[in-house]
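A.B. asks: Attaching a predicted model along with its sequence, questions to come.
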Amino acid sequence: MVIPIPAGGNGLQGPVPEELQPTFQRIKACVLVMIAANILKFLSGMCLLPVLSLLAQSLSSLMCTTCGIFLLKDEKPVDKVYKFIATTICQVCADNCSPGMPCLRPFVFCCFITVMLDLFGGGILDFAIAQLKVVFAPDKWPNDAFGICFSTFILSIIIGSLAQFIGAYFGWQAMKQLDDGMGTGYGPLAGDTFGGGGVGGPPRPGPFLGVGGGMPASSARPNNIRTGGGGGYAPPAQQQEGWKPFSGSGHRLGS
């Protein structure tokens, strides 16, 4: 079961910031394990279940894995998987969504909620854990072929769910690093949310819009706002020079 989470968050765009690379390498390892677990689950599950039933039980893990692939679209070797699905089964998503950093928050929430619901909501993970006693009791297998397929199916579910949970944890750590500013002026708690130094501040590299930099003071402030020491509102120049309303020349109505 999957609860859809809207994409985006903090306007994240562009490649992964350098400071987040160690965390994203761990996320990438989790996504690769999720891909391998899904492949093994399908190969072994086709020997045990009808294909439609197998697909229905795998929608949640497929959604989480797809979010991870879209998140890591620039990371090797995930980029090859992304290019394949973005031009085939997920072309609509690739054309209408923003892959990369905007997928961080959906990836975290989808993985965490999926694992919790599968574990405590009577999902497939709960079933797989209950069947571990059969996996480690070969004397209860009807035959070796069934035992190998069933064991691979159960273990792939558990390993894939574990990778989802760990990936969600490291994704949450990455979100915390972004929100805390990573100590270099990034994030909404360290200046402005666009990676710069705030209004009129010096340019700084930032992860949020691909190109950082402070907003120029000339383009950020209205002309009628003081920029001196006292602050506050300054009337336009024509008002300061004694301008009076209805004192101009021209034709009056009714005259």
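C.D. replies: Perfect, I can see it now. Numbering: from 1, shown residues only.
A.B. asks: and the lengthiest helix in the chain, what other elements does it pack with?
C.D. replies: When every helix of the chain is counted residue by residue (DSSP state H), the longest turns out to be helix 144-180. Other helices and strands packing on helix 144-180, by 3 or more CB pairs under 8 Å, 6 or more residues apart in numbering; DSSP states H and E, are helix 21-45, helix 51-71, helix 104-120, helix 124-130, helix 132-135. In this view, the C-beta of every residue, glycine as well, is placed from N, C-alpha and C.
A.B. asks: Where does pLDDT dip in the chain?
C.D. replies: Judged by pLDDT under 70, the chain has its weakly predicted residues at 1-15, 181-255.
A.B. asks: The helices and strands packed on helix 144-180 into a markdown table, with extra columns for distance to Gln164 and mean neighbour count?
C.D. replies: Output for the helices and strands packed on helix 144-180, formatted as a markdown table (distance: least, CB to CB, whole Å; neighbours: other CB atoms under 10 Å):
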| stretch | distance to Gln164 | mean neighbour count |
| --- | --- | --- |
| helix 21-45 | 6 | 19 |
| helix 51-71 | 5 | 20 |
| helix 104-120 | 4 | 22 |
| helix 124-130 | 9 | 17 |
| helix 132-135 | 18 | 14 |
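A.B. asks: Would you convert these into a markdown table that also reports distance to Ile157?
C.D. replies: Rendered in a markdown table, the data for these read as follows (distance: least, CB to CB, whole Å):
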| stretch | distance to Ile157 |
| --- | --- |
| helix 21-45 | 6 |
| helix 51-71 | 8 |
| helix 104-120 | 9 |
| helix 124-130 | 4 |
| helix 132-135 | 10 |
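A.B. asks: Let me know which of those helices is the nearest to Ala174.
C.D. replies: Closest of the helices and strands packed on helix 144-180 to Ala174 is helix 21-45, at 4.7 Å (criterion: CB to CB).
A.B. asks: Could you point out which of the helices and strands packed on helix 144-180 sits nearest Ser98?
C.D. replies: If you check each of the helices and strands packed on helix 144-180 against Ser98 by CB to CB, helix 51-71 wins as the nearest, at 8.9 Å.
A.B. asks: Counting by contacts, list what the very next helix or strand once past that closest one packs against.
C.D. replies: The element immediately downstream of helix 51-71 (helix or strand, assigned by DSSP states H and E) is helix 78-86. Counting contacts by 3+ CB pairs under 8 Å, 6+ apart, the secondary-structure elements packed against helix 78-86 are helix 21-45, helix 51-71, helix 91-96.
A.B. asks: between the longest one and helix 144-180, how many degrees?
C.D. replies: Relative orientation of helix 21-45 and helix 144-180, computed by axes from the mean of the first three to the mean of the last three CA atoms, to 10 degrees: 160 degrees.
A.B. asks: ok, now which ones touch Gly171?
C.D. replies: The contact partners of Gly171, taken as CB atoms under 8 Å, 6 or more residues apart in numbering, are Ile27, Leu104, Phe107, Val108, Cys111.
A.B. asks: so what's it closest to, chain neighbours aside?
C.D. replies: Once its chain neighbours are removed from consideration, Gly171 has its nearest residue in Val108; the separation is 3.8 Å (CB to CB, 6 or more residues apart in numbering).
A.B. asks: coming back round to it: mind giving me a markdown table with the helices and strands packed on helix 78-86 and columns for distance to Phe127?
C.D. replies: Output for those, formatted as a markdown table (distance: least, CB to CB, whole Å):
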| stretch | distance to Phe127 |
| --- | --- |
| helix 21-45 | 12 |
| helix 51-71 | 9 |
| helix 91-96 | 29 |
